[in-house]
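Chemist: Sharing a sequence plus its predicted fold:
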Amino acid sequence: MNKAFLAGLLIFLHLAIYAQGVESKKLICSYHFNNSSELKDWEIEGEGRSFIRKGKLILEPLHFQLLKKLMEDGSISKKIM
(Lines give C-alpha, C1' and ligand atoms only; values in the text may rest on other atoms or scores of the structure.)
Protein backbone atom coordinates (compact mmCIF):
# COMPACT_ATOMS: atom_id res chain seq x y z
CA MET A 1 0.00 0.00 0.00
CA ASN A 2 1.21 3.43 -0.69
CA LYS A 3 2.01 5.95 2.00
CA ALA A 4 -0.73 8.40 1.00
CA PHE A 5 -3.41 5.71 1.42
CA LEU A 6 -2.07 4.70 4.84
CA ALA A 7 -1.89 8.31 5.98
CA GLY A 8 -5.46 8.92 4.83
CA LEU A 9 -6.65 5.75 6.54
CA LEU A 10 -4.96 6.71 9.81
CA ILE A 11 -6.46 10.21 9.72
CA PHE A 12 -9.91 8.78 8.99
CA LEU A 13 -9.67 6.27 11.84
CA HIS A 14 -8.43 8.92 14.25
CA LEU A 15 -11.30 11.27 13.38
CA ALA A 16 -13.88 8.46 13.57
CA ILE A 17 -12.71 7.40 17.03
CA TYR A 18 -12.39 10.99 18.26
CA ALA A 19 -15.88 11.92 17.02
CA GLN A 20 -17.46 9.15 19.07
CA GLY A 21 -15.94 10.38 22.31
CA VAL A 22 -16.50 14.13 21.96
CA GLU A 23 -20.23 14.23 22.64
CA SER A 24 -20.95 13.73 26.31
CA LYS A 25 -23.89 11.53 27.14
CA LYS A 26 -26.58 12.87 29.42
CA LEU A 27 -28.99 10.64 31.32
CA ILE A 28 -32.50 11.97 30.81
CA CYS A 29 -34.57 9.50 32.78
CA SER A 30 -33.94 6.54 35.05
CA TYR A 31 -36.12 3.99 36.80
CA HIS A 32 -34.94 1.51 39.40
CA PHE A 33 -38.32 -0.17 40.03
CA ASN A 34 -37.68 -0.34 43.78
CA ASN A 35 -41.30 0.51 44.57
CA SER A 36 -44.67 0.92 42.91
CA SER A 37 -44.61 4.73 43.14
CA GLU A 38 -42.30 4.79 40.10
CA LEU A 39 -45.19 3.46 37.99
CA LYS A 40 -47.38 6.52 38.55
CA ASP A 41 -46.18 8.24 35.35
CA TRP A 42 -46.30 5.11 33.18
CA GLU A 43 -49.17 4.38 30.82
CA ILE A 44 -49.89 0.95 29.41
CA GLU A 45 -51.41 0.43 25.99
CA GLY A 46 -54.31 -1.98 26.05
CA GLU A 47 -55.94 -3.69 28.97
CA GLY A 48 -53.85 -5.07 31.76
CA ARG A 49 -51.90 -4.19 34.85
CA SER A 50 -48.36 -3.35 35.79
CA PHE A 51 -46.53 -4.11 38.98
CA ILE A 52 -43.03 -4.54 40.33
CA ARG A 53 -41.68 -7.92 41.39
CA LYS A 54 -38.10 -8.32 42.63
CA GLY A 55 -37.02 -5.03 41.04
CA LYS A 56 -38.47 -5.90 37.62
CA LEU A 57 -41.34 -4.23 35.82
CA ILE A 58 -44.05 -6.78 35.04
CA LEU A 59 -46.68 -5.97 32.41
CA GLU A 60 -49.51 -8.47 32.58
CA PRO A 61 -52.29 -8.56 29.95
CA LEU A 62 -55.86 -8.57 31.24
CA HIS A 63 -56.51 -12.15 30.15
CA PHE A 64 -53.18 -13.59 31.32
CA GLN A 65 -54.60 -15.53 34.29
CA LEU A 66 -57.22 -17.21 32.07
CA LEU A 67 -54.59 -18.10 29.44
CA LYS A 68 -52.27 -19.42 32.14
CA LYS A 69 -55.02 -21.66 33.55
CA LEU A 70 -55.90 -22.96 30.06
CA MET A 71 -52.23 -23.78 29.41
CA GLU A 72 -51.91 -25.57 32.75
CA ASP A 73 -55.10 -27.57 32.03
CA GLY A 74 -53.74 -28.54 28.60
CA SER A 75 -56.61 -26.85 26.77
CA ILE A 76 -54.17 -24.68 24.83
CA SER A 77 -50.51 -25.18 24.01
CA LYS A 78 -47.63 -23.45 25.79
CA LYS A 79 -45.58 -23.55 22.58
CA ILE A 80 -44.83 -20.32 20.75
CA MET A 81 -45.09 -20.59 16.99
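Modeler: Yep, it's here.
Chemist: Determine the longest helix present in the chain.
Modeler: Longest among the helix segments of the chain by residue count, using DSSP state H, is helix 3-22.
Chemist: What is the one helix or strand F51 maps to packed up against?
Modeler: According to DSSP states H and E, F51 maps onto strand 48-53. Helices and strands touching strand 48-53, as assessed by 3 or more C-beta pairs under 8 Å, 6 or more residues apart in numbering; DSSP states H and E, comprise strand 56-61. For glycine as for every other residue, the C-beta is placed from the backbone atoms N, C-alpha and C.
Chemist: downstream neighbour of the strand it packs on in the secondary structure list?
Modeler: Counting by DSSP H and E, the next helix or strand C-terminal to strand 56-61 is helix 64-73.
Chemist: starting at the chain centroid, how far to that following helix?
Modeler: Here the centre of helix 64-73 is set off from its chain's centre by 27 Å, with C-alpha atoms, centre = their mean, to the nearest Å.
Chemist: my guess is L59 contacts I52, does it?
Modeler: No: between L59 and I52 there is no contact under C-beta atoms under 8 Å: 10.8 Å.
Chemist: who's more crowded, the two?
Modeler: For L59 versus I52, the count of surrounding residues by other C-beta atoms under 10 Å is larger for I52: 17 against 13.
Chemist: So which bits of stretch 31-51 are buried?
Modeler: For stretch 31-51, the neighbour count (16 or more other C-beta atoms under 10 Å) marks L39 as buried.
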